[in-house]
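[1] Sequence plus the predicted model coming up.
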Amino acid sequence: MSPLEIISRLCDVTETLSEIVQKQQTIIEQSKVEESVKTELRNSIKDTDNELDALEYGMRRYCDTDDIKE
């Protein structure tokens, strides 16, 4: 497996984890968790999503790894 394939697969796993966190956020928002905790988690998720977007954008100049065949 090439380094770019490894990076692509790591990106896929990270995206899946991000989707899980989004679902958890929905559950937390609907629960009786303190508003300050909800706000803190909401901000953390937003910051992480922004970082993931920036990393994905930065990787585009190297290669579109989605087109790589295993």
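    Structure's in. What do you need?

[2] use CA for all of it now, contacts and neighbours both
    OK.

[3] Let me see the contact set for residue 25.
    Contact analysis of residue 25 by C-alpha atoms under 8 Å, 6 or more residues apart in numbering lists 41, 42.

[4] Now it: phi and psi?
    phi -60, psi -40 (degrees, to the nearest 10).

[5] With residue 32 as the reference, measure out to it.
    Distance of residue 25 to residue 32, computed by C-alpha to C-alpha, to the nearest Å: 13 Å.

[6] Could you find the closest non-adjacent residue to the most centrally placed residue in the chain?
    Nearest to the mean C-alpha position of the chain, by C-alpha atoms, centre = their mean, lies residue 18 at 3.8 Å. Once flanking residues are discounted, residue 18 sits nearest to residue 49: 7.7 Å by C-alpha to C-alpha, 6 or more residues apart in numbering.

[7] Show the backbone phi and psi for the residue nearest to the centre of the chain.
    When read as degrees, to the nearest 10, the backbone of residue 18 gives phi -60, psi -40.

[8] State the pLDDT value of the residue nearest to residue 18.
    Residue 49 is assigned a pLDDT of 85 by the prediction.

[9] ditto for the one 3 residues further on
    In this prediction, residue 52 carries a pLDDT score of 82.

[10] buried ones in whichever strand or helix holds it?
    In this structure, residue 52 sits in helix 35-59 according to DSSP states H and E. Going by neighbour count (16 or more other C-alpha atoms under 10 Å), the buried part of helix 35-59 is 38, 42, 45, 52.

[11] Stretch 4-24 now?
    The neighbour-count check on stretch 4-24 (16+ other C-alpha under 10 Å) flags 5, 8, 11, 18 as buried.

[12] Show residues contacting the helix holding residue 52.
    Residues outside helix 35-59 that contact it (C-alpha under 8 Å, 6+ apart) are 18, 21, 22, 25, 28, 29.

[13] make it 7 Å
    Contact with helix 35-59 is made by residue 29, as judged by C-alpha atoms under 7 Å, 6 or more residues apart in numbering.
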